[in-house]
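J.: Just the structure for this:
(one chain, ligands or ions: 1)
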Amino acid sequence: TPRVFSGIQPTGNLHLGNYLGALKRFADAQNKGIESIYCMVDLHAITVWQDPADLARATRELCAGFIAAGVDPEKSILFNQSQVPEHTQMAWIFNCVARMGWMQRMTQFKDKAGKNAQNASLGLFAYPALMAADILVYHATHVPVGEDQKQHLELTRDIAIKFNHDYGVDFFPITEPVIEGAATRVMSFRDGTKKMSKSDPSDMSRINLTDDADAIAKKIRKAKTDPEPLPDSIEGLEDRPEARNLVNIYAALADLTPEQVIAEHAGQQFGTFKPSLADLAVAKLAPISTEMSRLMQDQGEIDNILRRGSDRARNIATPILQKTYDIAGMIRS
Ligand code: TYM
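T.: Below is the predicted model of the structure:
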C-alpha cells in the first residue's frame with residue numbers, strides 16, 4: 001500500500017513555490033485518502049546556522065502553513081523531525097551506507113557550501129543521508145517534492161538499494177519521487193531563470209504565504225515579463241521564462257494544465273493576464289495567510305499538534321528502526 005512522506009525546512013519565508021510544489025500537493029494526496037506523513041525538518045535546518053528563537057518560531061509558522069494549506073493533522077501525520085529520534089538513529093546507519101563520492105556529487109551541497117566548502121558543517125554534507133532516513137524510516141513509497149529535490153531522492157533510492165544488497169535483504173522500498181503538475185519549479189518574479197527561493201534578498205521576487213491580498217496583487221503586477229502577448233500554443237512559451245512561469249502558476253492555482261490556460265488566454269497582453277492571475281492568486285492565497293495568523297495566536301495548540309503527530313510517527317518508525325538494527329547485527333537485550 002502506498003505511503004506518502006515529505007518534509008519542509010522551517011527556515012522562514014514560506015513562499016508560493018513551497019505551496020504549489022509541495023504543500024498544495026500534500027493536501028491533494030491526503031484528500032485522495034493516501035496515508036500521509038509530513039515533517040518539519042528542524043534538524044535539516046540547523047545544517048546552516050539558525051537563531052534558536054527564529055527556528056522555534058519558523059517551525060510553528062510552518063505548522064500553521066501546513067494546516068492553512070489544507071493538511072489536516074487528524075488525517076495526516078504532522079510533526080517536527082527532532083521529536084522523533086528514530087530519524088537520526090536511522091541516519092547514522094545510512095551515513096555508513098552512503099559513499100563519500102555520492103555525497104560529493106550533490107549539487108545542493110555545492111551550491112550551499114559555495115567556494116569555501118571547508119567551512120561548511122559536516123551536517124550539510126551528510127544532509128541527504130538524513131533525508132533518506134526521514135523517508136525510509138517509514139518505508140514511504142512516494143515522496144511529493146519540487147524539482148530541486150530530485151537528486152536527493154535518487155540518492156535515497158541508491159541508499160535503499162545498497163542497504164538491501166549489502167545485507168542481502170529486501171527490506172527498504174525503492175521510493176518513487178512524485179514531481180508532477182504545472183508548478184514543480186516556480187521561478188523568481190525578478191528573474192525567470194532563477195527559482196523562487198526563501199533566501200532571495202528581494203521580497204518582490206516571491207509571494208510569501210504570509211503576504212496579504214494587497215502584497216500578492218502588487219507583486220504579480222510588478223513581476224518581470226516581456227512585451228509580447230501570450231502565444232496561442234504552449235510551444236510559444238519556450239524562450240520566454242517569465243511568461244511561462246506566470247502561465248504555470250495560473251495553471252497550478254486553478255488546477256488546470258498550462259495548455260488549458262493558454263487556450264483560455266491566448267493573445268492577451270500582460271495588462272490583461274496579470275490582473276486575472278492576481279485575482280486568482282488573491283482568492284487562493286489570501287485565506288491561507290489569514291488562517292496562518294489565526295493559528296499562530298495559539299502556540300500551545302500548535303505544540304500539541306506537533307506532539308501528537310510525533311507520537312503517531314514514532315509508532316510507525318520504531319519497529320522499522322528495530323528491524324534495521326536486527327538486520328545490521330545490533331544487539332537489543
Ligand atoms: P525545502 O524546505 O527547500 O522546500 C520544501 C518543498 O518546496 C519545494 N520547493 C519548490 N517547489 C517549486 N518551486 C520552487 N521554487 C520551490 N522551492 C522549494 C521543494 O522542492 C520541497 O518539496 N530537503 C528538503 C526537505 C526534506 C525532505 C525530506 C523532502 C527533508 N527531508 C524528505 C522530502 C522528503 C528541502 O530542503 O526542501
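
J.: And K32, how close does it get to the ligand?
T.: According to Cβ to the nearest ligand atom, to the nearest Å, K32 and the ligand sit 18 Å apart. To be clear about C-beta, it is placed using only N, CA and C from the backbone, and glycine gets the same treatment.

J.: Quick check: residues of the stretch 101-250 of the chain near the ligand?
T.: 131, 134-135, 143, 145-146, 148-149, 152, 183-186, 195-196 (Cβ under 6 Å from any ligand atom).

J.: mind running it again at 5 Å?
T.: Applying Cβ under 5 Å from any ligand atom, we find that the stretch 101-250 of the chain lies next to the ligand at M131, D134, V143, V145, G146, D148, Q149, R185, V186, K195, M196.

J.: By neighbour count, which of the residues you listed wins?
T.: D134 (27 neighbours; other Cβ atoms under 10 Å).

J.: My read is that it contacts Q81, right?
T.: Yes - under the criterion of Cβ atoms under 8 Å, D134 makes contact with Q81 at 6.9 Å.

J.: In strands only, show me the residues of the stretch 101-250 of the chain next to the ligand.
T.: V143 (DSSP state E).

J.: which of the residues of the stretch 101-250 of the chain next to the ligand lies closest to the ligand?
T.: G146 (2.4 Å; Cβ to the nearest ligand atom).

J.: Relative to G65, how far out is the closest residue to A254 other than its chain neighbours?
T.: Spatial nearest neighbour of A254, excluding adjacent residues (Cβ to Cβ, 6 or more residues apart in numbering): L280 at 6.1 Å. With distances taken as Cβ to Cβ, to the nearest Å, L280 is found 20 Å from G65.

J.: do K222 as well
T.: Relative to G65, K222 is positioned 24 Å away (Cβ to Cβ).

J.: can you give me the strands in the stretch 151-300 of the chain?
T.: Along the stretch 151-300 of the chain, the stretches classed as strands by DSSP state E, counting those that start in this stretch are 176-178.

J.: picking up where we left off before, quick check on K222 and G65: which one has the bigger neighbour count.
T.: Per other Cβ under 10 Å, whichever of K222 and G65 has more neighbours is G65, with 26 against 12.

J.: How much space separates that one from S293?
T.: To S293, G65 is 11 Å away according to Cβ to Cβ.

J.: same check, this time on P144
T.: 26 Å.

J.: what about the two, which has more around it?
T.: Neighbour comparison, P144 and S293: the larger count goes to P144, with 26 against 13 (by other Cβ under 10 Å).

J.: Can you give me the first-to-last residue distance of stretch 102-121?
T.: From its first residue to its last, stretch 102-121 covers 17 Å (Cα to Cα, to the nearest Å).

J.: List the contacts of it.
T.: For stretch 102-121, contacts defined as Cβ atoms under 8 Å, 6 or more residues apart in numbering pick out 47-48, 124-129, 148, 151-152, 155, 158.

J.: Please narrow the residues of the stretch 101-250 of the chain next to the ligand to those residing in helices.
T.: M131, D134 (DSSP state H).

J.: Distance to E228 and pLDDT added to the residues of the stretch 101-250 of the chain next to the ligand, as TSV?
T.: As requested, those are exported to TSV (distance: Cβ to Cβ, whole Å; pLDDT from 0 to 100):
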residue	distance to E228	pLDDT
M131	41	98
D134	43	99
V143	37	98
V145	32	98
G146	28	98
D148	28	97
Q149	33	98
R185	22	98
V186	21	98
K195	23	97
M196	22	98
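
J.: what's near enough to touch the closest residue to A266 other than its chain neighbours?
T.: Leaving out its chain neighbours, the residue that sits closest to A266 by Cβ to Cβ, 6+ apart is D232, at 4.0 Å. Residues near D232 by Cβ under 8 Å, 6+ apart: I262, A266, G267.

J.: Which of those residues sits closest to R314?
T.: Among the contacts of D232, I262 lies closest to R314 (Cβ to Cβ), at 47.3 Å.

J.: Does the closest one touch P229 like I think?
T.: No - in this structure I262 lies outside contact range of P229 using Cβ under 8 Å: 11.4 Å.
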